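# here's my sequence, what's the structure:
(one chain, ligands or ions: 1)
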Amino acid sequence: MQHLNRLGIVAGAISFGLLGSAVAAGIEGAPSPFDKGGVQIALISYISAGDFFQSYQAGAQAQAKQLGIDLRVFPGRQNAAEQREQIQQAINLGVKGIVIDHGLPESIGDIVQQAIDAGIKVVAFDVNLNNPEIPQVEQSDHELARLALEQAVKDNGSSFQAGYAYVAGFAPLDRRNETWETFKSKNPDVVEKARFGIVSDTTATSTSDQAKAALAANPKITVVFAPYDEFARGVKLAARDLGIADRVKIYSADVSTADIQEITEDGSPWVATAATNPAVVGAVSIRAIALKVAGSVVPRQIVVKPALLTQTALREAGVKTIEDLASKLPSFSTSDAVTADWIPAKLY
Ligand code: SR1
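Sure thing, here's the model as predicted:
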């Protein structure tokens, strides 16, 4: 009966969108259970659309493979109920650890607690579950926003009308928003004239529609702070459609090969972004959960530091892809967060 139940659960997991898994051998000299290999870990995302999250997942998969982890990847599809269901599936599968990648704390807090009560280790990336048992990986969002805004002042001075893309409720956007609020209070001649943004499975195009209306209604906006690459993509589209790409400058977060192409193309209004390498953040998340499962002490807050990437610097260095960036900026391809001598940490 138990066997039948288990089969039923696995079939359910597949129908709810389990993406895949890879099993590898154990690591000699690693602590249990990594000495044997095939340790089941679930990566459960809230957002599965967009370059950042695809690259994050690829980095997580690469690091999992190096650790002999059988990684079960559940794509969230921006659906809180589905993410909750997937956490339940992971509990039923009997995984040793779960990485929760984004999400809405109010819809998953209790089910995550059930996982912990069942002895499953949990690590969160960019979702505040307010639980001392759960380390949180983040990209130093305050610093990331500060880097982008300092560049905005360097380029435009400290007196300008601004547009701002923001959706409340996502931990990284909320942290970046704190920096934006502080920045405005320190720079009273920076006036936020319009605020917009949508997080959905079509974030860029939906945000673009809103940005278009905001920019058309506020023709004196010269700077847009759009601290998520899908937002920046949407604002860029809007500026192009309105024919104002030459008088608006966009400052963002995140980077991908597609973003680099959009930033460096002729006449692009997207002039700077502050970013980590999302693949490295994915790898760090897997290392954190591996250390938790191995019984090691893991810090409560795990930070991957961002770098500022300007249009000028990318063009001058001839950077066309994330791989170019990683080879020209070695700190971009690695992080020394949560490592151990038994963990291979080189992704490239
Ligand atoms: C809706 S939250 C989007 C952000 O999550 C990650 O932290 C990325 O940096 C992205 O900007």
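# close to the ligand: what parts of the stretch 1-150 of the chain are there?
For the stretch 1-150 of the chain, the contact set with the ligand under C-beta under 6 Å from any ligand atom comprises F52, D126, Q139. In short, each C-beta sits where N, CA and C put it, glycine included.
# how far away is the second one from I322?
Just to be clear, that refers to D126. Using C-beta to C-beta, to the nearest Å, D126 is found at 20 Å from I322.
# okay, the residues of the stretch 1-150 of the chain next to the ligand in JSON lines with secondary structure, neighbour count and pLDDT next?
Shown next, in JSON lines, are these (DSSP: H, G, I helix; E, B strand; the rest coil; neighbours: other C-beta atoms under 10 Å; pLDDT from 0 to 100):
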{"residue": "F52", "secondary structure": "helix", "neighbour count": "22", "pLDDT": "95"}
{"residue": "D126", "secondary structure": "coil", "neighbour count": "24", "pLDDT": "98"}
{"residue": "Q139", "secondary structure": "coil", "neighbour count": "26", "pLDDT": "97"}
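# partner residues bridging Q40?
D70 (DSSP bridges).
# can you pull the contacts of it?
Residues in contact with Q40 (C-beta atoms under 8 Å, 6 or more residues apart in numbering) are I69, D70, R72, L93, G94, V95, K96.
# just those residues: which are in helices?
Counting by DSSP state H, the contacts of Q40 place L93 in helices.
# show me which of the contacts of Q40 is closest to the ligand.
Of all the contacts of Q40, R72 has the smallest distance to the ligand: 21.5 Å, by C-beta to the nearest ligand atom.
# pretty sure that closest one sits against S45.
No. Using C-beta atoms under 8 Å, R72 is not in contact with S45; the gap is 11.7 Å.
# returning to what we had before: got a winner among the contacts of Q40 for most neighbours?
Counting neighbours by other C-beta atoms under 10 Å, the top entry in those is I69, with 29 neighbours.
# check contacts around it.
Per C-beta under 8 Å, 6+ apart, neighbours of I69: A24, F34, V39, Q40, I41, I286, A290.
# among the residues you listed, which one sits closest to the ligand?
I286 (16.4 Å).
# domain map for this structure?
The record's domain parsing of the chain by automatic domain parsing lists 9-139+278-305, 141-275.
# compare the ones you listed and say which comes out lowest on pLDDT.
Of all the domains of the chain, the minimum mean pLDDT falls on domain 9-139+278-305 (a mean of 90).
# for that one, what is the distance to the chain centroid?
Domain 9-139+278-305 has its C-alpha centroid displaced from the chain centroid by 14 Å (C-alpha atoms, centre = their mean, to the nearest Å).
# then stretch 228-238?
Computed by C-alpha atoms, centre = their mean, the separation of stretch 228-238 from the middle of its chain amounts to 16 Å.
# then it to PDB, C-alphas only?
Extracted C-alpha coordinates of stretch 228-238, given in PDB (Å, rounded to 0.1, in the frame of the first residue of the first chain):
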ATOM      1  CA  TYR A 228      14.800  43.900 -12.200                       C
ATOM      2  CA  ASP A 229      16.000  43.100 -15.800                       C
ATOM      3  CA  GLU A 230      12.500  42.200 -17.000                       C
ATOM      4  CA  PHE A 231      11.300  45.600 -15.800                       C
ATOM      5  CA  ALA A 232      14.200  47.300 -17.600                       C
ATOM      6  CA  ARG A 233      13.400  45.400 -20.800                       C
ATOM      7  CA  GLY A 234       9.800  46.600 -20.600                       C
ATOM      8  CA  VAL A 235      10.800  50.200 -20.100                       C
ATOM      9  CA  LYS A 236      13.300  50.000 -23.000                       C
ATOM     10  CA  LEU A 237      10.500  48.700 -25.200                       C
ATOM     11  CA  ALA A 238       8.200  51.600 -24.100                       C
END
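# buried ones in that stretch, by neighbour count?
Y228, D229, E230, F231, A232, R233, G234, V235, K236, L237, A238 (16 or more other C-beta atoms under 10 Å).
# any idea how far the ligand is from Q261?
18 Å (C-beta to the nearest ligand atom, to the nearest Å).
# after the strand or helix carrying that residue, heading C-terminal, what element do we hit next?
Taking DSSP states H and E as the definition, Q261 sits inside helix 257-264. Later in the chain than helix 257-264, the nearest helix or strand by DSSP H and E is strand 270-275.
# any idea how far I98 is from the ligand?
Relative to the ligand, and taking C-beta to the nearest ligand atom, I98 is found at 18 Å.
# what's the spacing between that residue and A90?
Remark: distance between I98 and A90 (C-beta to C-beta) = 5 Å.
# can you list residues touching both of the two?
Here I98 and A90 share the contacting residues A42, I44, A115, I120, scored by C-beta under 8 Å, 6+ apart.
# give me the phi and psi for the third one.
Main-chain torsions, A115, degrees, to the nearest 10: phi -60, psi -50.
# quick one: residues contacting it.
A115 neighbours (C-beta under 8 Å, 6+ apart): I87, A90, I91, I98, V122.
# select from these every entry located in helices.
Under the assignment DSSP H, the contacts of A115 contribute I87, A90, I91 to helices.
# strands of the stretch 101-250 of the chain, residue ranges please.
Using DSSP state E, counting those that start in this stretch, the strands found in the stretch 101-250 of the chain span residues 121-125, 136-138, 160-165, 190-196, 221-226, 249-253.
# which residues sit against the shortest one?
Contacting residues not belonging to strand 136-138 are listed as 123-129, 171-172, 175, 281, 284-285, 288, 300-304, 337 [C-beta under 8 Å, 6+ apart].
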